[in-house]
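Trainee: below is the sequence, then the predicted model.
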Amino acid sequence: MRYLFRTQYQQDIALWRHNGDRFWYGLLAVLVLVAPALLGEFYIGELGAVFIFAIAGVGLMLLVGYTGLISLGHAAFLGIGAYVNAVLLAQGVPFLVTLPLAGLFTALCGAAIGRPTLRMSGLYLAIATLAFGSIVGTIFQKWTAVTGGFDGFAVPTPYVFGIAIEGATGIYYVSLVVLAFVLWVSANLLRSPTGRAMVAIRDSEVSAQSMGIHLARYKTMAFAISAGMTGLAGALFAHYVRYLAPDAFDVLLSVQFVTIVFVGGLGSLRGAILGAMFVRLLPQFIAVVRDDLPFGIGRLPGLEPSLFGLVLVFVILFQPGGLNGMWLKTKHWFQTFPFKRQTSFRRQKTYAKSERLR
Amino acid sequence: MILFQAEDLSVRFGGIRAVDSVSFDVRQGEVFSIIGPNGAGKTTIFNLISRIYSSTSGRLIFEGKEFTRTPAYQIAGLGIARTFQNIELFPNATLLQNLLIGRHCHSRVGFASELMFLPSVRKAELRHRERVEDVIAFLGLERHRESLIANLPYGVRKVVELGRALCIQPKLLLLDEPSSGLNVEETEGMGFWIEDIKKDLGITVIMVEHDMSLVNQVSDRVMALNYGKVLAMGTPREVQSHPEVVKAYLGGEVENAA
């Protein structure tokens, strides 16, 4: 067990709590940097997709896990980011401009949707964002002059400093950089007044207000930041799928994002990443074991969505801390070995209440 | 010197006059208590002052400036802090984070510098932390600093809420039933803190309270309410012996009742 001896307030706002953190995260950074040299093309592609989903997951985590607002329309933000990036690239704008523009424009869209939904919470907000998602989906289909409609269009190859970002490895590295940036920015925000204001709004709006927090401003801001990060993910997603068609950005994708934050563990950036790994890797896992399952279960249609649903229900019922909570418990077990306490693994009684999602 | 004034304050919810033409003023440096039976409109007055409710008519004046239509989130910035009857802390944050949220109205850093956590943000954070540590030391909350509010006992949470209000560095502190849910000892401790807040920090206090021993211990003046109307105002002794107040509490018939 590690006991931190703190002598300065600085230590409480540092990104890394101690040298152990620095070592393990450094090791992880080295591993993901050299991964393309060690793994095959397919795995790097999948890992790149995990990064892209993790970027969107971090964005949604700030909204759902920290500000306590729900969104079932984040696939639309992913789509907006993807189309803005791809359409501008096709016009000949360089990638280093289109990527931030995609994020900024999506952030503006997020602020625009956040503003009218300020007075909504819980289910009503879920329905409003769901409606927003389907409206944007329809726009992608019908605005053929820009999006190409159902025919879609091929996303041009991006260039960074004259180097073509091609193949799984290129997308992998760009996604890794963006993910690192998004994580850094989020961690900074969460240790700043804005992050605390978001947590305050999540836990009690009435007292947040009495502490001088402008609810409308911070909720709009949370929507904008969340949408902006999802837009960045969308820009990368366009290059991952390489061919943009509107049906990629449907409600099921939004539900996958929500699954990321719930299964990963509400209120934790690490959870967003673990959740993204889960959501991207479960389908692969199903594909691998599909043929070996007894009684033809593997051939049942809808196996994947139902498994997602089942996992979501079980996580909410039995593991409200999500994968992050499991990780913390496991770590605790090793740290205190062999002095595991009975209470360490007691089933948590604090369910993810619907009120949390106000 | 008069710090705060309520002039002819009224609020109606449908047909009910929850607060009916209430006027009072609070002098700099005093502890002003509002008492009254349940449903008398005490907490409603607090909600009017902190602008969670809008008054139907009347004026609110703080330091000579009217704030009857100021939005709720600007009230803390004026220097008016409050606590809540049923504790409205942020349960899934640590005590330290809760108190830091109390510093929010003093935060002046820009959003872009927050994103990058520039040295200016770091400096501001450290300054806020020092103020928070002052409050922690004042209330003796050191050993709970890292605890989640959800894991703290009720009595401690009550003190944390007081601390969060103090982090605003208010000129006027509204305490909504500071002793509710506390045992005799904790109530006594709360009384000492209220006295210290008045004497050492020089903060003016308006307090809604049911525990008459606490009211007697700390109040300079008391206002008694019933059905949204002022029954009596004066020193604790005067108000408690006032016949209307006795009737309201003992449930006797009030002459010329509305």
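Mentor: Right, received. Where do you want to start? Numbers count the residues shown, from 1 in each chain, chains lettered A, B, ... in the order given.
Trainee: make it CA atoms for all contacts and neighbour counts henceforth
Mentor: Will do.
Trainee: what is the burial count for residue 159?
Mentor: This is for chain A. By the criterion of other CA atoms under 10 Å in any protein chain shown, residue A:159 has 14 neighbours.
Trainee: um, chain B though
Mentor: Neighbour count of residue B:159, defined by other CA under 10 Å: 21.
Trainee: and if you look at the one 3 residues further on?
Mentor: By the criterion of other CA under 10 Å, residue B:162 has 26 neighbours.
Trainee: so what's it up against?
Mentor: Going by CA atoms under 8 Å, 6 or more residues apart in numbering or on different chains, residue B:162 touches B:83, B:175.
Trainee: residues in contact with the residue in the stretch 151-258 of chain B that chain A sits nearest to?
Mentor: For the stretch 151-258 of chain B, the residue closest to chain A is residue B:168, as judged by CA to the nearest CA, at 7.5 Å. By CA under 8 Å, 6+ apart, the contact set of residue B:168 is A:211, B:76, B:79, B:81, B:102, B:103, B:104, B:105, B:106.
Trainee: out of these, who's the most crowded?
Mentor: Most surrounded of the contacts of residue B:168: other CA under 10 Å gives residue B:102, at 31 neighbours.
Trainee: could you tell me how far it is located from residue B:62?
Mentor: Here residue B:102 is placed at a distance of 20 Å from residue B:62 (CA to CA, to the nearest Å).
Trainee: quick one, phi psi at the residue nearest to residue B:93 when sequence neighbours are not counted?
Mentor: Of all residues beyond its chain neighbours, the one nearest residue B:93 is residue B:148 (5.5 Å), with distances taken as CA to CA, 6 or more residues apart in numbering or on different chains. Taking degrees, to the nearest 10, you get phi -70, psi 140 for the backbone angles of residue B:148.
Trainee: rewinding a little: and the residue of the stretch 151-258 of chain B closest to chain A, what pLDDT?
Mentor: pLDDT recorded at residue B:168 is 96.
Trainee: and what of residue B:87?
Mentor: 89.
Trainee: before we move on, what about residue A:356?
Mentor: The model's pLDDT for residue A:356 equals 41.
Trainee: next one: residue B:187
Mentor: Note on residue B:187: pLDDT of 94.
Trainee: looks like it contacts residue B:215 (just checking).
Mentor: No. Between residue B:187 and residue B:215 there is no contact, the gap being 10.9 Å when judged by CA atoms under 8 Å.
Trainee: between those two, who's got more neighbours?
Mentor: Using other CA under 10 Å as the criterion, residue B:187 and residue B:215 rank with residue B:215 on top: 22 against 19.
Trainee: could you export the contacts of residue B:168 as JSON lines, including distance to residue B:142 and pLDDT?
Mentor: Conversion of the contacts of residue B:168 to JSON lines gives the following (distance: CA to CA, whole Å; pLDDT from 0 to 100):
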{"residue": "A:211", "distance to residue B:142": "22", "pLDDT": "94"}
{"residue": "B:76", "distance to residue B:142": "25", "pLDDT": "96"}
{"residue": "B:79", "distance to residue B:142": "26", "pLDDT": "96"}
{"residue": "B:81", "distance to residue B:142": "22", "pLDDT": "96"}
{"residue": "B:102", "distance to residue B:142": "17", "pLDDT": "95"}
{"residue": "B:103", "distance to residue B:142": "18", "pLDDT": "96"}
{"residue": "B:104", "distance to residue B:142": "21", "pLDDT": "95"}
{"residue": "B:105", "distance to residue B:142": "24", "pLDDT": "93"}
{"residue": "B:106", "distance to residue B:142": "23", "pLDDT": "94"}
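Trainee: since we're on residue A:335, how many residues are nearby?
Mentor: 13.
Trainee: now do the strands in chain A.
Mentor: Remark: strands assigned in chain A by DSSP state E are A:153-154, A:159-160, A:163-164, A:243-244.
Trainee: how about these, which one is nearest residue B:96?
Mentor: When the strands of chain A are compared by CA to CA, strand A:159-160 sits nearest residue B:96, at 44.0 Å.
Trainee: partners of the closest one, with directions?
Mentor: Strand A:159-160 has the following sheet partners, assigned by DSSP bridges: strand A:163-164 (antiparallel).
Trainee: what parts of chain B come near chain A?
Mentor: By CA under 8 Å from any CA of the partner chain, the part of chain B that sits against chain A consists of B:50, B:52, B:72-77, B:81-82, B:88-93, B:97, B:100-105, B:107, B:111, B:114-117, B:121, B:125-126, B:129, B:165, B:168.
Trainee: go again with 7 Å.
Mentor: By the rule CA under 7 Å from any CA of the partner chain, the part of chain B lying against chain A is B:50, B:72-77, B:88, B:90-92, B:101-102, B:104-105, B:107, B:114-117, B:126.
Trainee: so which of the residues you listed are in helices?
Mentor: Per DSSP state H, helices hold the following members of the residues of chain B next to chain A: B:75, B:76, B:77, B:101, B:102, B:114, B:115, B:116, B:126.
Trainee: give me the neighbour count for the first one.
Mentor: Here the count is done by other CA under 10 Å, and residue B:75 has 23 residues near it.
Trainee: quick one, what contacts it?
Mentor: A:210, A:212, B:50 (CA atoms under 7 Å, 6 or more residues apart in numbering or on different chains).
Trainee: if you skip the residues just before and after it, what's nearest to the second one?
Mentor: In other words, residue A:212. residue B:73 (4.3 Å).
Trainee: how about the contacts made by that neighbour?
Mentor: Residue B:73 neighbours (CA under 7 Å, 6+ apart): A:209, A:210, A:211, A:212, A:213, A:214.
Trainee: quick check, nearest of those residues to residue A:144?
Mentor: For these, the nearest to residue A:144 is residue A:214 (40.3 Å; CA to CA).
Trainee: where's the closest one relative to residue A:194, distance?
Mentor: 11 Å.
Trainee: these two: which is more packed in?
Mentor: residue A:194 (24 against 19).
Trainee: need the pLDDT of residue A:316.
Mentor: With respect to pLDDT, residue A:316 has a value of 85.
Trainee: before we move on, back to that, mind putting the contacts of residue B:168 into CSV with distance to residue A:293?
Mentor: Converted to CSV, these look like this (distance: CA to CA, whole Å):
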residue, distance to residue A:293
A:211, 56
B:76, 62
B:79, 67
B:81, 63
B:102, 56
B:103, 58
B:104, 56
B:105, 59
B:106, 61
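Trainee: for chain B, what's the nearest residue on the stretch 1-150 of chain A?
Mentor: Closest point on the stretch 1-150 of chain A to chain B, by CA to the nearest CA, is residue A:9, at 6.6 Å.
Trainee: give me the neighbour count for that residue.
Mentor: Neighbours of residue A:9 under the rule other CA under 10 Å: 14.
Trainee: mind listing what the residue of chain A found nearest chain B touches?
Mentor: In chain A, the residue that lies nearest chain B is residue A:212 (4.3 Å; CA to the nearest CA). Taking CA under 7 Å, 6+ apart, we find residue A:212 in contact with B:73, B:74, B:75, B:76, B:77, B:104, B:105.
Trainee: repeat that with 6 Å
Mentor: Shown in contact with residue A:212 (CA atoms under 6 Å, 6 or more residues apart in numbering or on different chains): B:73, B:74, B:76, B:105.
Trainee: relative to residue A:51, which of the residues you listed is nearest.
Mentor: Minimum separation from residue A:51 among these (CA to CA) is found for residue B:105, which lies at 36.8 Å.
Trainee: the closest one against residue B:80, yeah?
Mentor: No. When contacts are counted by CA atoms under 6 Å, residue B:105 is not listed as touching residue B:80 (10.9 Å).
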